[in-house]
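Colleague: Dropping the sequence and predicted coords here.
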Protein chains: 4
Amino acid sequence: MQRFALLGAGFIGSVHARNLAAHPDVDLVVVYDIDDARAQDLARRHGSRAAGGLGEVFDADRVDAVFIASSTDTHAQHLRAAADAGLAVICEKPLAPDLAAARDVVAHVRRSGVPAMLDFNRRFDRDHAALRRVVAEGGVGEVELLQLTSRGPSLPPIEYLEVSGGQLRDQTVHFFDLARWISGQDPVSVSVTGSALADPRIARFGDVDTSVAVLTLPSGALVQIDSVRRTGYGYDERIEVMGSTGLVESRRHHRGNVVHYGATGVVADALPPGWFERVEPTYAATLAAFVDALERGTAPPVTLEDGLVAQAVADAATRALVSGRTETIAYP
Amino acid sequence: MQRFALLGAGFIGSVHARNLAAHPDVDLVVVYDIDDARAQDLARRHGSRAAGGLGEVFDADRVDAVFIASSTDTHAQHLRAAADAGLAVICEKPLAPDLAAARDVVAHVRRSGVPAMLDFNRRFDRDHAALRRVVAEGGVGEVELLQLTSRGPSLPPIEYLEVSGGQLRDQTVHFFDLARWISGQDPVSVSVTGSALADPRIARFGDVDTSVAVLTLPSGALVQIDSVRRTGYGYDERIEVMGSTGLVESRRHHRGNVVHYGATGVVADALPPGWFERVEPTYAATLAAFVDALERGTAPPVTLEDGLVAQAVADAATRALVSGRTETIAYP
Amino acid sequence: MQRFALLGAGFIGSVHARNLAAHPDVDLVVVYDIDDARAQDLARRHGSRAAGGLGEVFDADRVDAVFIASSTDTHAQHLRAAADAGLAVICEKPLAPDLAAARDVVAHVRRSGVPAMLDFNRRFDRDHAALRRVVAEGGVGEVELLQLTSRGPSLPPIEYLEVSGGQLRDQTVHFFDLARWISGQDPVSVSVTGSALADPRIARFGDVDTSVAVLTLPSGALVQIDSVRRTGYGYDERIEVMGSTGLVESRRHHRGNVVHYGATGVVADALPPGWFERVEPTYAATLAAFVDALERGTAPPVTLEDGLVAQAVADAATRALVSGRTETIAYP
Amino acid sequence: MQRFALLGAGFIGSVHARNLAAHPDVDLVVVYDIDDARAQDLARRHGSRAAGGLGEVFDADRVDAVFIASSTDTHAQHLRAAADAGLAVICEKPLAPDLAAARDVVAHVRRSGVPAMLDFNRRFDRDHAALRRVVAEGGVGEVELLQLTSRGPSLPPIEYLEVSGGQLRDQTVHFFDLARWISGQDPVSVSVTGSALADPRIARFGDVDTSVAVLTLPSGALVQIDSVRRTGYGYDERIEVMGSTGLVESRRHHRGNVVHYGATGVVADALPPGWFERVEPTYAATLAAFVDALERGTAPPVTLEDGLVAQAVADAATRALVSGRTETIAYP
């Protein structure tokens, strides 16, 4: 049984709270949020209690592991505190707003020796994981071209976008990670083309809402990732991997399996209305993998270093978007 | 908040226990099973307790509603006891092993006035329900031909099959109900052709494992239902409704959305390995509908009479299998 | 090189004329039709000439093979004439309006020893043939349940339907043949349920436009065939074969491969508007198989006896529709 | 009736010969090839005759139109000769090996005033054309992201590749044209990333066999094209257009419509084995469009200038592959 503290009681925090409460080997002992009422409300719904302060969170007598789902700018600080308290820790991305700070905190946690995991939840998508197994077992031969599609249904609030770090760091970063994870290779260079099409205000702060990133892997294989903030037809996420002998794809999901045949066309269910409908099951699966590693005493399946690499790719991609050149990726 | 007693702690009882425990408006106060250890074990897992005897179940001071998931031969007796105690009741099919007894118990419950519902869970399949909405909204015009496919992946134990009442009463009955529910019509006659192909021992007790039933509805529309006990390719359930202007189908489910392209073929994920993977979400949805009706004081969306009608169709179908003729269906 | 005479210059005759003209090993020497102007027009379009009378058709000095695509009531007479003239012959179904007459003509042609083939063109559908190969190679184990769907988009003229011999003899007969051909078994009994739903006038002359036929094969395997005259959603033809270890299907065709994703649904191309769009390629393939047999001196791949068997099944099915019983099929 | 001369009796010439011979409004009067025996053989098969010399081709008394399917280095010369003779002309791509020469010949033909068309046959793919109609009718709103996939099943001979002008000019050029045609916009800049993965010898002459090109359109919309020389899983061509309100795709084709369900997976027919199986119908459709324009006296639907633009894009793309930068596209 693992005793967890949850940091953050916003939307994603409440998702984690539900999963923590439902996990048979987890005891959600305390919930903390900067907004105490919000923490109390969430804690009550899951038979837990709100922490009076951070001292009750980073307390190895009462807590075994910390789940960091607080606001982005607090991740690094909470990671350090967990490490200093000797607590296992799982953290939402990003590790820190900038790469140098992220490197420091990862080094700090690494030195402490506590089990630590980044919540790259898309690795726990059942279809993506099955695709990776096909690749790993040589089902497509040598990997030659990966194509990843990441498309949200509607534009997040402009206020969010302005502080998000940009589409490549905020949205595409998950797919930089997936590409590495599936191919087993760290990309060496990246070029990016992008536009602000859904809302011209996005261009004012130098960001894009529609972009294509192309990465080169050490083997010469290519990775193409298209990222779109607003589609008009629902949430569209898929991955294709072409190799020397075949292709494997993790297809778009539809809302259901009902098909309507008429004289002028055949109508199937639309795509999921939002990203959450599509990825919801991955959060529980990510948590389960972390808890399983803690219970068995094995290494968590995603490391903070994985987050660092994805962030380095995203940084180089952001430079490439501006420079119009292929940028070499420098790793920590 | 509805206080529930659960009767039956076998496989399906444990499914209901989990759903009862997870429902926000339900308090699972007591679990009963003829095997007391089994009841205790299931109760413990869900923070409930085992009943010392049936007296603790049919006790209106402590219980509002009873969920009957005990063995088939006890359904009628428990339905009567619930009615006599003034408790709401939801019951697994069948109501009773033979139609006359089923009629009696339904009349008894009806007279008591307690809210009562049959657990025809497939009505709460999301795709089937969406298909029915298309039909109800006139999306295919006048209904002309319904086709339902019910195919299990592997043969149940021969001991079970011998006492199951036969394929038409045990398996097809769910689809007789779906056909009524979707078309809004009670079938007037039925013919059936069947064979025992998966295991010849099934023929010895007069049953079949592969059958096609054809029903005629009052409008002249036809219903065709194929029922198979063992497929070799997984669990296959689907429905098509053809009308005067179009067709709507609720398609087979696959295990996932991964597709592998090679030189000799394109391989997609297989069908679900078992019926439970396919229908699992329907149990929680059925319970939710029952609880919602209790909370609102409305009529439960499936009645015991619905069970009676489906059973009458199954009886006529069983006669038709033997006679080789189209049999008229006599309703209660 | 095979010198062909074509009998019949109506719609289907003109299809055959085009295929005969395009076949590299065929010389279409003469076209005959009871309407001479029609024959002349068709002949001219394909660089052939119209016959002044039947004497020019059944003339072994100028003709090697006869293609009978004239009106149904003339088939038997033309078959006899071809046999008497020592000419190879391919004939549209049916052989003759009634089974006894069909038996006589088949015996007559058989005694003459000329190569003879029935134009059961759907056997030459590329997908259906591929499905049959999967079955023949044991890809689904022992055959247990065949399901065939035959659905036309719109009602033929009532005048045609009145003299068509009924839906089972006119439409379903092709699928009785496919079921035999795929399973390699001659059905032993049949039951049928049907209704006249698209046009009540059809019921006045004892016919149906929507029917389900269920056949039992000697192995106990079942065959289910649904036949519909008018769908409202295009032409729908497909076949499924379930065996002891798997399922194979020859799917519906769509008009194209364009898919449109919107917020409320995903729209694919409709089904073919008519039967001809779907089956057109089978006519050339049937002709090619006949010519190939003539060139090689091998037996044509479909026999007149195949037509006789299908007709016997259709006759028993027509009786079953009236009797409401399972009818045994008597073979010639 | 249009009298055609065909230049070139190689593989693609023989395809055109068959289509010319089958077109009801075309008379294929003469075939020319540098290899006279080859010309004679092809002419004989289609009831035409071989030209003794080019004088018999460019002869307005006997010929109305010339189809140029000879080797690439002769296109420009034949285009000029046709123009000078006052003959209509349709020509395979490319116009000339380099852009300057192509510009000159296009100007020359334009001045002559003869009807001239480039054989960009993929515009006449039924599915691609249907996709374009959806886009043109506003079915996806404002175009924002086009994705085109061009993947051949197996590597052409290395000798061919060495003189092909490179993957972008030889293979991708068709898709540069499709992107323009579908979007209605001429791209302003392009970046390309590529590798030689199927055969390292390709890298020796500076070419690639796997590449991703990204173009920016004047509206800011992006175009992504992946080109692959050898897939291992058949011929894969498809197009997706995402707009502000939806997505439309022209899907991969499969060889057939047969699907096989087993315990471990669901196997559908593979992709076409070669590009020709996929694009064959487009050649006849292209020819039909050209003949139709000649018969009606309207402008051919694809111009030589269209070829010039696609070639300019391919040139810029080839520069971008080397420079690693986004290259601006200079138009004639």
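Modeller: Happy to help now that I have it.

Colleague: which residue ranges form the helices in the stretch 151-300 of chain A?
Modeller: Counting by DSSP state H, counting those that start in this stretch, the stretch 151-300 of chain A has these helices, from start to end: A:158-162, A:167, A:173-183, A:201-204, A:275-296.

Colleague: So which of those helices is nearest chain B?
Modeller: Between chain B and the helices of the stretch 151-300 of chain A, the shortest separation by Cβ to the nearest Cβ is 10.8 Å, and it involves helix A:275-296. Heads up, the C-betas are built off the backbone N, CA and C, glycines and all.

Colleague: so what secondary structure elements neighbour the closest one?
Modeller: Identification of packing neighbours for helix A:275-296 by 3 or more Cβ pairs under 8 Å, 6 or more residues apart in numbering or on different chains; DSSP states H and E yields strand A:2-7, helix A:11-22, strand A:65-68, strand A:88-91, strand A:116-118, strand A:236-243.

Colleague: What lies in contact with it?
Modeller: A:2, A:15-16, A:19-20, A:22-23, A:25-26, A:64-65, A:67, A:88, A:90, A:115, A:117, A:119-126, A:152-153, A:235, A:237, A:253, A:255, A:272, A:298-302 (Cβ atoms under 8 Å, 6 or more residues apart in numbering or on different chains).

Colleague: Which pLDDT value goes with the residue lying farthest from the centre of chain A?
Modeller: Among the C-alpha atoms of chain A, the one farthest from their average position, using Cα atoms, centre = their mean, is that of A:A263, at 43.0 Å. Note on A:A263: pLDDT of 93.

Colleague: Who are the contact partners of it?
Modeller: With Cβ under 8 Å, 6+ apart, A:A263 has these contacts: B:245-246, C:232-234, C:270.

Colleague: can you list the residues of chain A near chain B?
Modeller: A:126-127, A:130-131, A:134, A:139-140, A:245-253, A:256-263, A:269 (Cβ under 8 Å from any Cβ of the partner chain).

Colleague: what's next to the helix or strand that contains A:H128, contact-wise?
Modeller: Element membership for A:H128, per DSSP states H and E: helix A:126-136. Counting by Cβ under 8 Å, 6+ apart, the neighbours of helix A:126-136 from elsewhere in the structure are A:122-123, A:140, A:143, A:178, A:181-184, A:239, A:241, A:243, A:248-251, A:281, A:285, B:256-258, B:260, B:269.

Colleague: Buried among the residues you listed? Need that as a selection in ChimeraX.
Modeller: Buried residues among those (16 or more other Cβ atoms under 10 Å in any protein chain shown), as a ChimeraX selection:
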select /A:122,123,140,143,178,181,182,183,239,241,243,248,249,250,251,285 /B:256,257,258,260,269
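
Colleague: Just the ones of the residues of chain A next to chain B in strands?
Modeller: Of the residues of chain A next to chain B, the ones assigned to strands by DSSP state E are A:247-250, A:258-261.

Colleague: Same list (these) but as CSV, adding distance to A:R44.
Modeller: CSV is the format used below for those (distance: Cβ to Cβ, whole Å):
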residue, distance to A:R44
A:L247, 50
A:V248, 45
A:E249, 44
A:S250, 38
A:V258, 39
A:V259, 44
A:H260, 44
A:Y261, 49
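
Colleague: Out of these, flag the one nearest to D:R169.
Modeller: Nearest to D:R169 among those: A:L247, at 25.5 Å, using Cβ to Cβ.

Colleague: my guess is that closest one contacts A:G139, does it?
Modeller: No - contact between A:L247 and A:G139 fails when scored by Cβ atoms under 8 Å: they sit 9.6 Å apart.

Colleague: list residues touching both of the two?
Modeller: Where contact means Cβ under 8 Å, 6+ apart, the residues bridging A:L247 and A:G139 through contact with each are B:H260.

Colleague: Comparing the two, which shows the higher neighbour count?
Modeller: The residue with more neighbours, out of A:L247 and A:G139, is A:L247; 28 against 18, by other Cβ atoms under 10 Å in any protein chain shown.

Colleague: Tell me how far that one lies from chain D.
Modeller: In this view, A:L247 and chain D are 5 Å apart by Cβ to the nearest Cβ, to the nearest Å.

Colleague: Contacts only, for A:V188.
Modeller: For A:V188, the set of contacting residues under the criterion of Cβ under 8 Å, 6+ apart consists of A:215-218, A:328-329.

Colleague: Could you show which parts of chain A are in contact with chain C?
Modeller: Chain A comes close to chain C at residues A:232-234, A:236, A:254, A:260-271, as judged by Cβ under 8 Å from any Cβ.

Colleague: filter the residues you listed to the buried ones?
Modeller: Neighbour counting with 16+ other Cβ under 10 Å marks A:232-234, A:236, A:254, A:260-262, A:265-271 as buried within the residues of chain A next to chain C.

Colleague: that older thread, would you mind saying which of the helices and strands packed on helix A:275-296 lies nearest chain D?
Modeller: Chain D lies closest to strand A:236-243 among the helices and strands packed on helix A:275-296, at 6.7 Å (Cβ to the nearest Cβ).

Colleague: anything in the closest one near chain D?
Modeller: Yes - under the criterion of Cβ under 8 Å from any Cβ, strand A:236-243 makes contact with chain D via A:236, A:242-243.

Colleague: Let me have these in CSV, adding pLDDT as columns.
Modeller: Conversion of the residues of strand A:236-243 next to chain D to CSV gives the following (pLDDT from 0 to 100):
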residue, pLDDT
A:D236, 98
A:M242, 98
A:G243, 98
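
Colleague: From these, pick the one nearest chain C.
Modeller: Chain C lies nearest to A:D236 out of those, by Cβ to the nearest Cβ, at 7.9 Å.

Colleague: Does the closest one touch A:R151 like I think?
Modeller: Yes - here A:D236 lies in contact with A:R151, judged by Cβ under 8 Å, at a distance of 4.1 Å.

Colleague: Closest to the mean position in chain A, which residue would that be?
Modeller: Per Cα atoms, centre = their mean, the C-alpha nearest to the average position across chain A is that of A:F120, at 3.8 Å.

Colleague: residues touching it, list them.
Modeller: Under the criterion of Cβ under 8 Å, 6+ apart, the neighbours of A:F120 are A:93, A:174, A:177, A:181, A:286, A:302, A:306-307, A:310.

Colleague: where's it relative to A:I202, distance?
Modeller: The span separating A:F120 from A:I202 equals 25 Å under the rule Cβ to Cβ, to the nearest Å.

Colleague: Could you do A:T286 as well?
Modeller: Between A:T286 and A:I202 the distance, using Cβ to Cβ, works out to 30 Å.

Colleague: same question, A:V134
Modeller: 37 Å.

Colleague: thinking again about what came up before, in JSON lines: the helices of the stretch 151-300 of chain A, plus mean pLDDT and distance to C:D41.
Modeller: JSON lines is the format used below for the helices of the stretch 151-300 of chain A (pLDDT from 0 to 100; distance: least, Cβ to Cβ, whole Å):
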{"stretch": "helix A:158-162", "mean pLDDT": "95", "distance to C:D41": "70"}
{"stretch": "helix A:167", "mean pLDDT": "98", "distance to C:D41": "66"}
{"stretch": "helix A:173-183", "mean pLDDT": "98", "distance to C:D41": "64"}
{"stretch": "helix A:201-204", "mean pLDDT": "96", "distance to C:D41": "67"}
{"stretch": "helix A:275-296", "mean pLDDT": "97", "distance to C:D41": "61"}
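
Colleague: Out of these, which one sits most buried?
Modeller: helix A:167 (a mean of 28; mean count of other Cβ atoms under 10 Å in any protein chain shown).

Colleague: do it and chain D meet at all?
Modeller: No - Helix A:167 lies apart from chain D when judged by Cβ under 8 Å from any Cβ; the minimum separation is 12.8 Å.
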